[in-house]
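Peer 1: Okay, sequence plus prediction incoming.
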Amino acid sequence: MVPLSWYLLVAAALFCIGLYGVLARRNAIGILMGVELMLNAVNLNLVAFWRYVNPSDLSGLVFAIFVIAVAAAEAAVGLAIIISIYRNRDTVNVEEVDLMRG
Amino acid sequence: MGMQIAFFLFSLIAIVGAILVVTTKRLFHSALALVLSFVGVAGLYILLEAEFLAALQILIYVGAIAILILFAIMLTRHLMDPKARAFNEQWWVAALVAGFLFLVLMAMILRVPWPIKAAAVPENVIEGLGSSFVGEYLVPFEVASVLLMAALIGAIIIARER
């Protein structure tokens, strides 16, 4: 069987790649895609810990399903906000959306 | 041995997909790479014997979220000139931060003695999930349904034409 730490390393790599996307992209939709990658990495960790630490307790899987539900809600509202910004300000570039800059 | 090969294959798909997501200049291509990465993670779920979660991953992430993102890209597309910069000026700082975080996480993962139990997965996982959603996790389950409802209505109200 594959050791647990391999799964954790893959999840850490996915998380860091997603973090880079969130920090470096200029397009708001690109940032949202980075967030989705990070949520996926977290889910992979939850499922790996469920499988290797205590498979008879299903709380790891339940938590992963809640994360998926929250990710779906986040994607729907986030994309709605992006479309609304696009409609009002004619841009999806986060550097030009600085209405609340001090 | 077959397990290791499958693991490497699926994690390669997931990580290469993820790298393409954050490095391609055209957003449409990176959304397609996102689908690739989601499929790789679904394969890893199958290796972890969480078949139900793999099915959920394909249905919700590939079937719903990725399609939603593609729609959003197509609705806002003509703005994104492929010659324009896709990354901000701090992209190298972001790369440094992400790389450093990965090194820290890797050091921790390899150092901690994880309390691994070699137990088999129970046979009726889906049944157990169902009964824990209406038993132990009833309140979070109801809160999640309220959240989805609020997100549905909120998304419609935010994105609607005024």
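Peer 2: Ah, there it is. Numbers count the residues shown, from 1 in each chain, chains lettered A, B, ... in the order given.

Peer 1: and B:M108, how many neighbours does it have?
Peer 2: 11 (other CB atoms under 10 Å in any protein chain shown). Any C-beta I mention is one placed from the backbone N, CA and C, and that applies to glycine too.

Peer 1: Next up, phi/psi of it, please.
Peer 2: phi -70, psi -50 (degrees, to the nearest 10).

Peer 1: repeat for A:E95
Peer 2: Dihedral angles (degrees, to the nearest 10) for A:E95: phi -70, psi -20.

Peer 1: Output the contacting helices and strands for the lengthiest helix in chain A.
Peer 2: Identified as the longest helix of chain A according to DSSP state H is helix A:59-89. When contacts are defined as 3 or more CB pairs under 8 Å, 6 or more residues apart in numbering or on different chains; DSSP states H and E, helix A:59-89 sits against helix A:28-53, helix B:51-56, helix B:66-75, helix B:125-133, helix B:138-159.

Peer 1: Pick the most deeply packed of the ones you listed.
Peer 2: Across the helices and strands packed on helix A:59-89, averaging neighbours per residue (mean count of other CB atoms under 10 Å in any protein chain shown) puts helix A:28-53 on top, at a mean of 23.

Peer 1: Run the chain-centre distance for it.
Peer 2: 6 Å (CA atoms, centre = their mean, to the nearest Å).

Peer 1: how about it, does it reach chain B?
Peer 2: Yes - applying CB under 8 Å from any CB of the partner chain, one finds that helix A:28-53 is in contact with chain B at A:29-30, A:32-34, A:36-37, A:40, A:43-44, A:47-48, A:50-53.

Peer 1: Out of these, flag the one nearest to B:K25.
Peer 2: A:G30 (10.2 Å; CB to CB).

Peer 1: ok, and the closest non-adjacent residue to that closest one?
Peer 2: B:L27 (5.9 Å; CB to CB, 6 or more residues apart in numbering or on different chains).

Peer 1: Below-threshold pLDDT in chain A: ranges please.
Peer 2: Scanning chain A for pLDDT under 70 picks out no residues.

Peer 1: Same check on chain B?
Peer 2: In chain B, residues with pLDDT under 70: B:78-83.

Peer 1: Distance-wise, check the residue nearest the centre of it relative to chain A.
Peer 2: Compute the mean C-alpha point of chain B, and by CA atoms, centre = their mean the closest residue is B:F38, 5.7 Å away. From B:F38 across to chain A, the span is 7 Å (CB to the nearest CB, to the nearest Å).

Peer 1: who does the helix or strand where that residue lies touch, helix- and strand-wise?
Peer 2: Using DSSP states H and E, B:F38 maps to helix B:27-47. Contact here means 3+ CB pairs under 8 Å, 6+ apart; on that basis helix B:27-47 packs against helix A:4-24, helix A:28-53, helix B:2-23, helix B:51-56, helix B:66-75.

Peer 1: List the buried residues in that helix.
Peer 2: B:27, B:30-31, B:33-45, B:47 (16 or more other CB atoms under 10 Å in any protein chain shown).

Peer 1: How about the contacts made by the nearest residue to A:L61 once chain neighbours are set aside?
Peer 2: Once flanking residues are discounted, A:L61 sits nearest to A:W50: 5.6 Å by CB to CB, 6+ apart. Counting by CB atoms under 8 Å, 6 or more residues apart in numbering or on different chains, A:W50 makes contact with A:57-61, A:64, B:48, B:50.
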